[in-house]
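Participant: kindly return the folded structure for what I paste below:
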Amino acid sequence: MLLESEIEGKNLVLYLDQKVLKKVPFDLFKTLKLPMKFASKNDVNQYLKEFEEKRAVRYTSYLLALRSYYSKTLKEKLLLKGYSCSDEIIEKFKKLGYLNDESWMTSFIKREIAKGIGPYLIYAKLKSKKVDESQARMQLKEYYSEDLQKKAIQKIIQKRKKKDLSYLYRKGFSREMIEKST
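Facilitator: The predicted model follows:
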């Protein structure tokens, strides 16, 4: 059985013995060396699956080398790129220890706290990244105590040289916490 291809827009149309097998994203399969001979259709599908998985692993490794990701965000990136094996790749990287949602969330919260962002805004940012709400609340309670919030509010007030309450609200602090700190 002969596997051949033809470019059609942003897709690569794969032909098996001159019959359309399937359309795949060109970007994912552009390095595929065709034509190739196979013994059966199952061999072709197995080869294409393994080829896609290798590319997905390489792309995921590249992304994780740049920075850490929340697993749902990474999955969206893989799906946007056209990889159909995103769930398997995510699980593989979790098992290897390269993808850890809890440590990602902890470092995200600590980074936002260091920027002077309040708990409500951090929570909103976490929700926008599709983090589980109960997990987000739990992590925020653990890492953003009342004392830390008071210190952050005091720091902002000193920096701005006045009690700019609307600025503190925009930074994500509650009214009662602002009143306690001023």
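
Participant: can you list the domains in this structure?
Facilitator: Using automatic domain parsing, the domains assigned to the chain come out as 2-99, 102-181.

Participant: beta partners for residue 13?
Facilitator: On the basis of DSSP bridges, residue 13 takes part in beta bridges with residue 6, residue 23.

Participant: shift numbering so it begins at 724
Facilitator: That works, and once the first residue is 724, the last one we named lands at residue 736.

Participant: for it, what are its contacts?
Facilitator: Residues counted as contacts of residue 736 (Cβ atoms under 8 Å, 6 or more residues apart in numbering) are 728, 729, 730, 743, 745, 746. For the C-beta atoms, the positions are set from N, CA and C on the backbone; glycine is no exception.

Participant: from residue 872, how far off is it?
Facilitator: Residue 736 sits at a distance of 57 Å from residue 872 (criterion: Cβ to Cβ, to the nearest Å).

Participant: now residue 731
Facilitator: For residue 731, the distance to residue 872 equals 56 Å [Cβ to Cβ].

Participant: and the two? Which one has more around it.
Facilitator: For residue 731 versus residue 872, neighbours defined as other Cβ atoms under 10 Å are more numerous around residue 872 (20 against 10).

Participant: count of neighbours near the closest residue in space to the more buried one that isn't next to it in sequence?
Facilitator: Ranked by Cβ to Cβ, 6 or more residues apart in numbering and with sequence neighbours excluded, the top spatial neighbour of residue 872 is residue 900, at 5.2 Å. In terms of burial, residue 900 registers 18 neighbours under the definition other Cβ under 10 Å.

Participant: one more: residue 903?
Facilitator: Should you count by other Cβ under 10 Å, residue 903 turns out to have 12 residues around it.

Participant: how about stretch 770-783: buried residues?
Facilitator: For stretch 770-783, burial by neighbour count (16 or more other Cβ atoms under 10 Å) applies to 771, 775, 776, 778, 779, 780, 782, 783.

Participant: could you dump the residues you listed into JSON lines and include pLDDT and secondary structure?
Facilitator: Listed next are those as JSON lines, based on pLDDT from 0 to 100; DSSP: H, G, I helix; E, B strand; the rest coil:
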{"residue": "771", "pLDDT": "91", "secondary structure": "helix"}
{"residue": "775", "pLDDT": "93", "secondary structure": "helix"}
{"residue": "776", "pLDDT": "94", "secondary structure": "helix"}
{"residue": "778", "pLDDT": "94", "secondary structure": "helix"}
{"residue": "779", "pLDDT": "95", "secondary structure": "helix"}
{"residue": "780", "pLDDT": "96", "secondary structure": "helix"}
{"residue": "782", "pLDDT": "95", "secondary structure": "helix"}
{"residue": "783", "pLDDT": "96", "secondary structure": "helix"}
